[in-house]
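Participant: sequence unknown, structure follows:
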Ligand code: G3P
């Protein structure tokens, strides 16, 4: 087991599943280390998801980036295999797991991905099964022992298909099996409404591009209201300290 001193009880999966956390987890969907550091300051980083496109966009060595991200957050950090056969996925998945105890191995929702998921999960790995576009696929991922299933809502919306309907279906199905350990990790989020609707449905995790996290914060009436409070306070000539 590559967890070194970490016992199974301190493994990130234990923390998330048994710490009695009742609220949605926010993962950050990026491989930009500086962005993750900044958002960690906001305490908005329960984990991180990357994929080959995000790693390519960072322009950096994957192993180095994943190691740096794992040092920023104790939560699960998804690192995706690039092999397309089960044997290759297993070799890459085991290599990625060795980078840090909180690496979650990401595999695509293919036959080889499910085979790799089952073996890696049996070895104690956190597996994030990605590129999910149907409830039927989500059933298979749960059967394969995935820790996370990543349905891509934005890419469904992009083709005029209701991405949130998929989240509703998966959450409804998984709720029928209370001991199921697979968590719904909503991915391909394009805007704050995807997050709000996912929370209304009870999805366990949302992985958010940094820009969307910042959009969540902003409201013009908050800015306007604060400006008015401070203007009125200034008229009193008082100071709290
Ligand atoms: O985690 C998956 C996410 O990065 C995919 O998002 O915008 O490429 O559909 P997008």
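Facilitator: Happy to help now that I have it. None of these values were measured; they are calculated from a predicted model. Numbers count the residues shown, from 1 in each chain.

Participant: and the pLDDT for the residue in the chain that the ligand sits nearest to?
Facilitator: Nearest residue of the chain to the ligand (Cβ to the nearest ligand atom) works out as residue 188 at 3.4 Å. C-betas here are computed from N, CA, C, even on glycine. Looking at residue 188, its pLDDT is 98.

Participant: got the contact list for it?
Facilitator: Residue 188 is in contact with 152, 153, 154, 155, 156, 163, counting by Cβ atoms under 8 Å, 6 or more residues apart in numbering.

Participant: list buried residues within those.
Facilitator: The neighbour count (16 or more other Cβ atoms under 10 Å) marks 152, 153, 156, 163 as buried among the contacts of residue 188.

Participant: now stretch 141-161, how far from the centre of its chain.
Facilitator: Chain-centre distance of stretch 141-161: 12 Å, with Cα atoms, centre = their mean, to the nearest Å.

Participant: pick the one among the buried ones among the contacts of residue 188 closest to residue 206.
Facilitator: Closest approach between the buried ones among the contacts of residue 188 and residue 206, by Cβ to Cβ: residue 153, at 9.5 Å.

Participant: give me the nearest residue to that closest one, chain neighbours excluded.
Facilitator: Leaving aside its chain neighbours, residue 153 sits nearest to residue 163 (3.1 Å; criterion: Cβ to Cβ, 6 or more residues apart in numbering).

Participant: and that neighbour, backbone torsions?
Facilitator: Note on residue 163: its backbone torsions stand at phi -60, psi -40 [degrees, to the nearest 10].

Participant: for residue 25, same thing?
Facilitator: phi -100, psi 140.

Participant: and it, how far from residue 45?
Facilitator: 10 Å (Cβ to Cβ, to the nearest Å).

Participant: common neighbours of those two, please.
Facilitator: residue 75.

Participant: the more surrounded of the two?
Facilitator: residue 45 (25 against 19; other Cβ atoms under 10 Å).

Participant: what residues does this structure have near the ligand?
Facilitator: With the criterion set to Cβ under 6 Å from any ligand atom, the chain comes near the ligand through 29, 49, 51, 54, 152, 154, 155, 187, 188, 207.

Participant: wait, what's in contact with the fifth one?
Facilitator: Think residue 152. For residue 152, the contact set (Cβ under 8 Å, 6+ apart) comprises 130, 131, 132, 133, 163, 187, 188.

Participant: rerun at 7 Å
Facilitator: With contacts defined as Cβ atoms under 7 Å, 6 or more residues apart in numbering, the neighbours of residue 152 are 131, 132, 133, 187, 188.

Participant: beta-bridge partners for the fourth one, please?
Facilitator: What that stands for is residue 187. Beta bridges link residue 187 to residue 152, judged by DSSP bridges.

Participant: surely it and residue 150 touch.
Facilitator: Yes: Residue 187 lies in contact with residue 150 (Cβ atoms under 7 Å); the separation is 4.2 Å.

Participant: thanks a lot, see you next time.
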